[in-house]
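Peer 1: Generate coordinates for the sequence data below:
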Amino acid sequence: MANHPHQDPETPNLHGGGHDHTGQHFHGRHQHHSNGPVSLLIGFVKHSHAELDVINSAVDTSRAGMRALKISVVGLGLTALIQILVVSLSGSIALLSESIHNFSDVLTALPLGIAFILGRKKADAHYTYGYGRAEDLAGIFIILIISVSTLIALYESILRLIHPQEIHQIPLVIFAGFVGFAGNEAVAIYRIRIGRKIGSAALTADGLHARSDGLASLSVVVGAIGAALGFEYADPVASLVIGIAIIGVLREAARDIYRRLMDSVDPRLVDKVKEVLASTPGIEGIGAVRIRWIGHDLRAEADILSDSELSLVESHRISEEAHHRLLHEIPRLSEAVIHTSPKYKSGDSAHLNIAHHFPERSDD
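Peer 2: Reported below is the predicted structural model:
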């Protein structure tokens with residue numbers, strides 16, 4: 001998926017064309033489960049490329065995520081090592097705070113890498129939807145790691161405010177601050193681009209965190225300049241500013257992970273599914289539409305209505321056409337279940353026996 005700077009990481013690209021931007025497109029081998037002419041439940045896995053293609057797609061996205069982690073870990077690791085070396089020479093607490101955050105970024109790669117590997121596993125009898133949720137769990141560990149590193153940095157900053165110390169090698173501190181900005185921004189651009197391309201909220205959030213660290217590195221530069229001008233508290237104050245900035249990013253990252261865990265999607269995505277269904281010939285009404293993320297892919301459920309006088313074969317054809325259109329028009333959609341019900345001209349309901357269980361399901 002192309003990098004859209006203002007796009008919600010939870011939302012696939014909804015531009016026309018319908019294919020996801022990884023070059024993969026999922027058609028299905030349709031599995032028909034019919035309960036009679038008045039109700040048809042249609043699910044799918046694949047219909048022309050076999051189940052192996054789904055597995056290969058999961059492996060491809062996992063490999064892309066792992067490659068992004070490896071490259072960014074090397075970049076951040078080198079950045080942090082340079083900064084720690086300068087800290088040992090200068091005593092800058094602001095630079096120490098920034099170095100701690102860079103090392104924490106390196107640590108967040110571990111749970112995320114494990115999640116990418118788990119995500120390659122096939123669904124089984126215990127985990128019938130697969131192991132994609134492992135990445136969301138990794139997101140929780142990422143939030144915890146960022147939180148702990150922020151608390152440590154804030155604690156060190158407060159101690160330095162209470163017991164101020166002179167910093168040395170100010171030109172080196174300024175240099176290390178710019179190195180931190182350049183290293184973090186490069187990693188941020190790469191992680192965000194890959195995260196959005198493969199639909200990884202955790203990787204995208206980690207990229208946003210790296211971007212905030214890069215901006216915080218500029219605070220190190222400001223603190224060093226302030227110290228050079230004789231402001232005794234410039235360095236610890238800059239460190240506090242870094243900590244506060246990271247708290248803001250932490251809040252946004254936690255929100256994104258929470259939404260993924262709670263099966264939140266952008267309402268525009270639901271509207272797009274309804275639009276595709278409404279444009280399908282033969283569909284006379286749309287009921288509930290549900291969409292959720294499972295790992296890097298979307299899964300959808302939809303209730304539709306068609307003429308009660310149609311045969312089972314005709315109703316099935318309409319559902320399959322809707323199904324096929326959804327696969328083309330909804331990026332990153334890997335599986336869908338479409339429930340077809342008859343629309344009676346007399347006003348009768350097709351769901352009298354279960355209506356009290358599903359009050360949201362309507363035949364109107």
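Peer 1: What number of residues are in the vicinity of residue 233?
Peer 2: Residue 233 has 14 neighbours, counted by other CB atoms under 10 Å. Using the backbone N, CA and C atoms, a C-beta is placed for each residue, glycine as well.
Peer 1: which residues touch it?
Peer 2: By CB atoms under 8 Å, 6 or more residues apart in numbering, the contact set of residue 233 is 161, 164.
Peer 1: Got the phi and psi for it?
Peer 2: phi -100, psi 10 (degrees, to the nearest 10).
Peer 1: For this structure, which helix or strand comes out least confident on mean pLDDT?
Peer 2: Ranked by mean pLDDT, DSSP states H and E, the weakest helix or strand in the chain is strand 40-44, scoring a mean of 33.
Peer 1: quick one: average pLDDT of the top helix by length along the chain?
Peer 2: Ranked by number of residues, the top helix in the chain under DSSP state H is helix 51-90. Averaged over helix 51-90, pLDDT sits at 71.
Peer 1: Let me know the angle separating the next helix or strand after that helix from helix 51-90.
Peer 2: For helix 51-90, the succeeding helix or strand toward the C-terminus, using DSSP states H and E, is helix 93-118. Helix 93-118 runs at 160 degrees relative to helix 51-90, counting by axes from the mean of the first three to the mean of the last three CA atoms, to 10 degrees.
Peer 1: List the buried residues for whichever helix or strand comes after helix 93-118?
Peer 2: As assigned by DSSP H and E, the chain's next helix or strand after helix 93-118 is helix 134-162. The neighbour-count check on helix 134-162 (16 or more other CB atoms under 10 Å) flags 134-139, 141-143, 145-146, 149-150, 152-154, 156-157, 160-161 as buried.
Peer 1: re earlier: which elements pack onto the longest helix of the chain?
Peer 2: helix 93-118, helix 170-198, helix 201-228 (3 or more CB pairs under 8 Å, 6 or more residues apart in numbering; DSSP states H and E).
Peer 1: could you redo the last one with a cut-off of 10 Å?
Peer 2: helix 93-118, helix 170-198, helix 201-228, strand 297-307, strand 333-343 (3 or more CB pairs under 10 Å, 6 or more residues apart in numbering; DSSP states H and E).
Peer 1: Pull the distance from the last one to the chain's centre.
Peer 2: What that stands for is strand 333-343. Relative to the chain's own centre, strand 333-343 is displaced by 25 Å; criterion: CA atoms, centre = their mean, to the nearest Å.
Peer 1: Now it: average pLDDT?
Peer 2: Strand 333-343 shows an average pLDDT of 89 in the prediction.
Peer 1: cool, stretch 137-148 as well?
Peer 2: Stretch 137-148 carries an average pLDDT of 83.
Peer 1: I'd assumed residue 310 was in contact with residue 317.
Peer 2: Yes - the criterion here is CB atoms under 10 Å, and residue 317 meets it with residue 310 at 9.0 Å.
Peer 1: Give me the common contacts of these two.
Peer 2: Counting by CB atoms under 10 Å, 6 or more residues apart in numbering, the shared contacts of residue 317 and residue 310 are residue 282.
Peer 1: angle of the longest helix of the chain against helix 201-228?
Peer 2: With the same axes, to 10 degrees applied, the angle from helix 51-90 to helix 201-228 works out at 10 degrees.
Peer 1: secondary structure class for residue 164?
Peer 2: coil (DSSP: H, G, I helix; E, B strand; the rest coil).
Peer 1: And for the nearest residue to residue 135 once chain neighbours are set aside, the neighbour number?
Peer 2: Excluding its sequence neighbours, the residue lying closest to residue 135 (CB to CB, 6 or more residues apart in numbering) is residue 115, at 4.1 Å. If you count neighbours by other CB under 10 Å, residue 115 ends up with 26.
Peer 1: What of residue 325?
Peer 2: 16.
Peer 1: where's the helix or strand that contains residue 291 relative to the chain centroid, distance-wise?
Peer 2: In this assignment (DSSP H and E), residue 291 forms part of strand 285-294. Offset of strand 285-294 from its chain centre (CA atoms, centre = their mean): 19 Å.
Peer 1: So what are the sheet partners of that strand and their directions?
Peer 2: strand 297-307 (antiparallel) (DSSP bridges).
Peer 1: elements contacting the following helix or strand past the partner strand?
Peer 2: Next in sequence after strand 297-307, counting helices and strands by DSSP H and E, comes helix 312-329. Judged by 3+ CB pairs under 10 Å, 6+ apart, helix 312-329 is in contact with strand 30-34, strand 40-44, helix 267-278, strand 297-307, strand 333-343.
Peer 1: Could you list the low-pLDDT ranges of the stretch 251-364 of the chain?
Peer 2: Residue ranges of the stretch 251-364 of the chain with pLDDT under 70: 346-364.
Peer 1: Now residue 245: closest residue in space, sequence neighbours ignored.
Peer 2: The nearest residue in space to residue 245 (CB to CB, 6+ apart) is residue 216, at 5.3 Å.
Peer 1: How about residue 182?
Peer 2: residue 214 (7.6 Å).
Peer 1: ok, now how distant is the one you found from residue 89?
Peer 2: Distance, residue 214 to residue 89, by CB to CB, to the nearest Å: 22 Å.
Peer 1: So between the two, which is more surrounded?
Peer 2: A side-by-side neighbour count of residue 214 and residue 89, using other CB under 10 Å, places residue 214 first with 22 against 13.
Peer 1: Retrieve the pLDDT associated with that one.
Peer 2: pLDDT at residue 214 comes out at 78.
Peer 1: Isn't it up against residue 221?
Peer 2: No - under the criterion of CB under 10 Å, residue 214 is not in contact with residue 221, lying 11.6 Å apart.
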